[in-house]
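>>> Just the structure for this:
(4 chains)
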There are 4 protein chains.
Amino acid sequence: MANSKYEYVKSFEQPDVLLPNTWIVVRIDGRGFHKLSANYGFIKPNDRRALDLMNAAAVAVMKDLPDLCIAYGVSDEYSFAFHPSCQLFERRSAKLVTTIVSTFTAYYTYLWGSYFPDTPLQAPGLPSFDGRAVMYPNSRIFRDYMSWRQVDCHINNLYNTTFWTMVQKGGMDNRDAEQELKGTVSADKNEILFKRFGINYNNEEEIYKKGSVIYRQYQLEDVKVKSDSGIQEETSPLQEATPSKTQQDKLRKLRNKAQVVVDHVDIIKDEFWERRPWILSGKPGKLPVESK
Amino acid sequence: MANSKYEYVKSFEQPDVLLPNTWIVVRIDGRGFHKLSANYGFIKPNDRRALDLMNAAAVAVMKDLPDLCIAYGVSDEYSFAFHPSCQLFERRSAKLVTTIVSTFTAYYTYLWGSYFPDTPLQAPGLPSFDGRAVMYPNSRIFRDYMSWRQVDCHINNLYNTTFWTMVQKGGMDNRDAEQELKGTVSADKNEILFKRFGINYNNEEEIYKKGSVIYRQYQLEDVKVKSDSGIQEETSPLQEATPSKTQQDKLRKLRNKAQVVVDHVDIIKDEFWERRPWILSGKPGKLPVESK
Amino acid sequence: MANSKYEYVKSFEQPDVLLPNTWIVVRIDGRGFHKLSANYGFIKPNDRRALDLMNAAAVAVMKDLPDLCIAYGVSDEYSFAFHPSCQLFERRSAKLVTTIVSTFTAYYTYLWGSYFPDTPLQAPGLPSFDGRAVMYPNSRIFRDYMSWRQVDCHINNLYNTTFWTMVQKGGMDNRDAEQELKGTVSADKNEILFKRFGINYNNEEEIYKKGSVIYRQYQLEDVKVKSDSGIQEETSPLQEATPSKTQQDKLRKLRNKAQVVVDHVDIIKDEFWERRPWILSGKPGKLPVESK
Amino acid sequence: MANSKYEYVKSFEQPDVLLPNTWIVVRIDGRGFHKLSANYGFIKPNDRRALDLMNAAAVAVMKDLPDLCIAYGVSDEYSFAFHPSCQLFERRSAKLVTTIVSTFTAYYTYLWGSYFPDTPLQAPGLPSFDGRAVMYPNSRIFRDYMSWRQVDCHINNLYNTTFWTMVQKGGMDNRDAEQELKGTVSADKNEILFKRFGINYNNEEEIYKKGSVIYRQYQLEDVKVKSDSGIQEETSPLQEATPSKTQQDKLRKLRNKAQVVVDHVDIIKDEFWERRPWILSGKPGKLPVESK
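Predicted coordinates for the structure are as follows:
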């Protein structure tokens, strides 16, 4: 064909297949959301509409890609996780990341009006997201990643809640509030909130304190008396038997039947993972009776 | 800080910096656009609204990222090119690709209603795009890449035009038309169009035959009598002097002043590149008098 | 300094750090050993001197790099494994691979005369080795890798033993022997050896049947009655506490004290690993009383 | 086959093919040569035997791999360059690097006795080398790399010559010499050598001042009056026609016929490259009449 004389340029594409049998986390972040949240008048320290919109877009991504096990979001970032057994797009990094980033962006833009009916999007200045894929070799380290993000959520939210209370209710100047908070620990911030403003941080909304975790809902397991940390033993594809194409399709259909839920709970402790063993095992659980 | 005990997970992020002094092409492709174009009733073989929407989104990307030199689009794909001297995001591959994919998707979604006022987007089933970055070591090979896409555009468009004319005007069954076209060369298709349907392929619209090329407009250069192919000699950053941060900012501002234009012209021959030397040189030209 | 104007070329070096917390296996292979073994008159199917030389060079590598946990060799190949906790050379792939390849080659060349006193090396035609690093995300998969090599050793050795017996003792032509063995299974080859030549394959030397495994010797553990496969639970560096520089030095010294032994035993079953838990744990055991 | 159940581990090998049409430089460095040169009594600042041994090993590598265009060595390091058109080992990075490192090490070890007849190698403590591959996108940048190494040679040799003269002839203590040289420029060092010791640095041996460059010898070209820097225009494989397997074999044979020479000349200026156009073009020249 006439085209062939230029086709050699295809040879410059380099493979980017991620290591088999590792967790893949795609984390996306809002680009320039500091400025964007000011432009569209996001409420400080937390804009419930903005968070609900993030969650709605993330739910759409989870439904679009049944291979995803779990997602965790806070502020303008979201982490999506593929199980080590995932074979989607032959585990090509750019393909996985761009598919998530693009689908997320499409829904975020499309759904904007439902959450911000009074402040329509205006170009230029549309929201957009960047992303990257990171591999984690086992469930223990993957859980440490998830814990990292939730601890980060806690630290930032306590800081922001205190800061904006000092400014908004205490009438302080931004710089003074920042100055006073420099070097404080959690206990100090809790005390400022409680003593000066009568606010018990524990009573703040869970979505702000814990962030949002999204997963497919199956029948919860009873928590075992003697915990084994919800961490399964290391396995090889040999023991696990890599699923065939047909099996993968079947798994995908099973996952499509499960309800995708948004939760605001602790994902650092074992309990969350022990009661939902399907997340770390990568195998669909039983559908709950009520969701049929 | 309390967070530090989990922060080790950051060490799993691996660098993905692209080789310095190479052309970077980010190509994005519509995901499942065969089905999507059917769902939203795209006209065959070419839907002008869909192409104009692609171009509008690509223009927005070009304006958002002044580091981009040129873009070329056909059908549901678009290629965006960064000059070898580009330092944007430290040339991190995932960052470059996801920023383009996300910005493109945001504008495509946002602008949809202007081009398809009668067929609003419906979820699920929103359009999305995947993408990847490829490096080309010199201008010669980069131009071969661009030629590859434009030759592809020609081949596909001639086929599609002939096929859909046979079906739509000739009343043929899809399978019969496909069967008849098997093994034909360009001349055969041109003849079918002309003899059976009185269509001279050369008179088809340029946007369909040539695709769309987007670049910043400066004063065109006269074509030199004795061509040196528009290909500059190889240079090293040593000769070129890698631009400082301040210079880069200055260049960005200069580029922002230039008009971003959409053209449907031959980019395979030298002329296009010789008249617009700023594209391969990566240095802004003079602003045209009329655009001031 | 005058040099600085060219120093920008250093920016073209790209990082090649391997993913943390994965097993690293560096496998090296003799280059053109088919021809080389003919040139230096290696005995078929197994030349004990050549294997002993391979083992001697591998022992030298193990002693030179105390970070290595275990090595396995067969024919002209050797696999060297670093534990997931290994931080040597910041886990840079090229550095790890070339250090092993070069050290191995140096000893192989240097020790040649001790094993082949009558056929000195002659240039050109010196032995050399290539190599590559591969990551395995957990101990289970790493053990499958080791099993893969040992099964390969078995399959090849049974074939070669049968083939060369048919040729050397049976007086067959190479091509006829090859032809007869085509499509045979293990049982067939065992029968040929036994029925035609009175050879019981089980009585062949262990080094030929099992290959060679090299590790540091500490006090063997009793095999537990109820096996847990010698596979430890997944851990994170958080639980494990990544060793400090000082601790790493201490570990290195401890490992240097252990004797490096060459064994010809089954490494597919659990027993080998259960009795030597220090290999998979990456923590030195107790020095055996007799080796002090 | 019985082996198949473990063969899945092969899927963990990741591709490492270098970008097409770029220069590949493999640089190798002696491991721990500071200590090693002390152990084997290398003469300071330059041990001619050690340099000649390095060169002999490098010549052997050049002969073993006809795909190599040129090599440059100084002290205990050597850089080997493959032309952008090189297809050896499908341009797999680890394969290229380890082959060079291993071949170099084998010859260095094998030839040691010819250059150090009185100080035989002793294990442990054998010389070894590490290495890495770096890509350079065009000839201009590749030449800057070569210039970088030769400038480095000059700077280090002037320093070392001055330092060791002060110590060996001037009777100075190491620390005092180091102290006095801190912050000096080239002119200062030249003056110390000349005024105090009557040494004209320009009269030092070329091998010490310029390092060693190795290439295949063809008929030298006359230097053109009007230089175009010896840098050819950028080409694409399209124009160049990637050589077929047969052509590659033919080229390899042609290269094998050329004499491999060791030179100690300036490789920073254009003249070296203009007179030997086959190095940058990658096409064998005419064999010199006298070498037939």
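>>> all strands for chain A, in order.
With DSSP state E as the criterion, chain A has strands at A:23-30, A:68-74, A:77-82, A:129-136, A:212-217, A:259-263.
>>> could the ones you listed go into JSON lines alongside mean neighbour count?
(Glycine included, C-beta is placed from N, CA and C.) Putting those into JSON lines (neighbours: other Cβ atoms under 10 Å in any protein chain shown) gives the following:
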{"stretch": "strand A:23-30", "mean neighbour count": "24"}
{"stretch": "strand A:68-74", "mean neighbour count": "25"}
{"stretch": "strand A:77-82", "mean neighbour count": "24"}
{"stretch": "strand A:129-136", "mean neighbour count": "25"}
{"stretch": "strand A:212-217", "mean neighbour count": "22"}
{"stretch": "strand A:259-263", "mean neighbour count": "16"}
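>>> Of all these, which one is nearest chain D?
The closest of those to chain D is strand A:129-136. By Cβ to the nearest Cβ, the value is 11.5 Å.
>>> Give me the contact status of that closest one with chain D.
No: using Cβ under 8 Å from any Cβ of the partner chain, we find that strand A:129-136 stays clear of chain D, coming within 11.5 Å at best.
>>> Need the pLDDT of residue A:8.
Looking at residue A:8, its pLDDT reads 96.
>>> can you check residue A:226 too?
pLDDT, residue A:226: 48.
>>> Quick check: nearest residue in space to residue A:192, chain neighbours excluded?
Nearest residue to residue A:192, sequence neighbours excluded (Cβ to Cβ, 6 or more residues apart in numbering or on different chains): residue A:162, at 5.5 Å.
>>> returning to that earlier point: turn the strands of chain A into CSV, including mean pLDDT.
Listed next are those as CSV, based on pLDDT from 0 to 100:
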stretch, mean pLDDT
strand A:23-30, 98
strand A:68-74, 98
strand A:77-82, 98
strand A:129-136, 98
strand A:212-217, 97
strand A:259-263, 97
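>>> Figure out which of those strands is closest to residue C:82.
Proximity to residue C:82 (Cβ to Cβ) singles out strand A:129-136 among those, at 17.8 Å.
>>> what helices or strands is that closest one leaning on?
With contacts defined as 3 or more Cβ pairs under 8 Å, 6 or more residues apart in numbering or on different chains; DSSP states H and E, strand A:129-136 has these neighbours: strand A:23-30, helix A:93-115, helix A:139-168, helix B:93-115.
>>> From the chain's centroid, how far away is the shortest one?
In this case it means strand A:23-30. Distance of strand A:23-30 from the chain centroid (Cα atoms, centre = their mean, to the nearest Å) equals 8 Å.
>>> if we can go back for a sec, quick one: closest of the strands of chain A to residue C:118.
The minimum distance between residue C:118 and those falls on strand A:129-136, with 51.9 Å, by Cβ to Cβ.
>>> Tell me the strands beside that closest one, with direction?
strand A:23-30 (antiparallel) (DSSP bridges).
>>> how far is the helix or strand of chain A with the lowest mean pLDDT from where the chain is centred?
Least confident helix or strand, chain A: helix A:237-240 with a mean of 74, by mean pLDDT, DSSP states H and E. Distance of helix A:237-240 from its chain centroid, counting by Cα atoms, centre = their mean, is 29 Å.
>>> likewise stretch A:165-183?
Put simply, stretch A:165-183 sits 30 Å off its chain's centre (Cα atoms, centre = their mean).
>>> Likewise for stretch A:82-97?
Using Cα atoms, centre = their mean, the offset of stretch A:82-97 from its chain centre is 17 Å.
>>> and what of stretch A:52-63?
Averaging C-alpha positions (Cα atoms, centre = their mean) puts stretch A:52-63 10 Å from its chain's average.
>>> nearest spatial neighbour of residue A:165, skipping sequence neighbours?
Nearest to residue A:165 is residue A:197, by Cβ to Cβ, 6+ apart, at 5.4 Å.
>>> how long is stretch A:221-235 end to end?
With Cα to Cα, to the nearest Å as the measure, stretch A:221-235 spans 22 Å from end to end.
>>> got the contact list for the residue of the stretch 1-150 of chain A found nearest chain D?
When distances are taken as Cβ to the nearest Cβ, the stretch 1-150 of chain A reaches nearest to chain D at residue A:15, 4.8 Å away. Applying Cβ atoms under 8 Å, 6 or more residues apart in numbering or on different chains to residue A:15 gives the contacts A:92, D:14, D:15, D:17.
>>> Just send these back as a markdown table, with pLDDT too.
Formatted as a markdown table, the contacts of residue A:15 follow (pLDDT from 0 to 100):
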| residue | pLDDT |
| --- | --- |
| A:92 | 98 |
| D:14 | 97 |
| D:15 | 96 |
| D:17 | 98 |
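>>> Out of the residues you listed, the closest to chain B would be?
The closest of these to chain B turns out to be residue A:92 (Cβ to the nearest Cβ; 8.2 Å).
>>> okay but that closest one is in contact with residue A:17, surely?
Yes: at 5.7 Å, residue A:92 counts as touching residue A:17 under the criterion of Cβ atoms under 8 Å.
>>> These two: which is more packed in?
residue A:92 (18 against 14; other Cβ atoms under 10 Å in any protein chain shown).
>>> residues contacting that one?
Shown in contact with residue A:92 (Cβ under 8 Å, 6+ apart): A:15, A:16, A:17, A:18.
>>> Near the residue nearest to residue A:192, how many other residues are there?
Counted by other Cβ under 10 Å, the residues lying close to residue A:162 total 27.
>>> Residue A:181 is in contact with that one, correct?
Yes: between residue A:162 and residue A:181 there is a contact at 6.5 Å, judged by Cβ under 8 Å.
>>> quick one: common contacting residues for the two?
By Cβ under 8 Å, 6+ apart, residue A:162 and residue A:181 have these common neighbours: residue A:189.
>>> What average pLDDT does stretch A:149-160 get?
Across stretch A:149-160, pLDDT averages out at 97.
>>> got a list of contacts for it?
Stretch A:149-160 is contacted from outside by A:44-46, A:72, A:74-75, A:77, A:79, A:181, A:186, A:189-190, A:201, A:204, A:208-211, A:266-268, B:1-3, B:6, using Cβ under 8 Å, 6+ apart.
>>> Need the buried ones from those selected in PyMOL.
PyMOL command restricting the contacts of stretch A:149-160 to the buried ones, with burial defined by 16 or more other Cβ atoms under 10 Å in any protein chain shown:
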select buried, (chain A and resi 45+46+72+74+75+77+79+189+190+201+204+208+209+210+211+267+268) or (chain B and resi 6)
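>>> and chain D, which of the contacts of stretch A:149-160 contact it?
Among those, proximity to chain D is found for none (Cβ under 8 Å from any Cβ).
>>> Now, the contacts of stretch A:149-160 that are in helices?
Counting by DSSP state H, the contacts of stretch A:149-160 place A:181, A:186, A:189, A:190, A:208, A:209, A:210 in helices.
>>> mind listing what the most centrally placed residue in chain A touches?
Centre of chain A computed as the mean C-alpha position; nearest residue by Cα atoms, centre = their mean is residue A:72, 2.4 Å away. Each residue near residue A:72 by Cβ under 8 Å, 6+ apart is listed here: A:78, A:79, A:146, A:149, A:150, A:211, A:212, A:213, A:214, A:267.
>>> From chain B, how far out is the closest residue to residue A:238 other than its chain neighbours?
Using Cβ to Cβ, 6+ apart and skipping the chain neighbours, the partner closest in space to residue A:238 is residue C:144 (5.5 Å). Distance, residue C:144 to chain B, by Cβ to the nearest Cβ, to the nearest Å: 23 Å.
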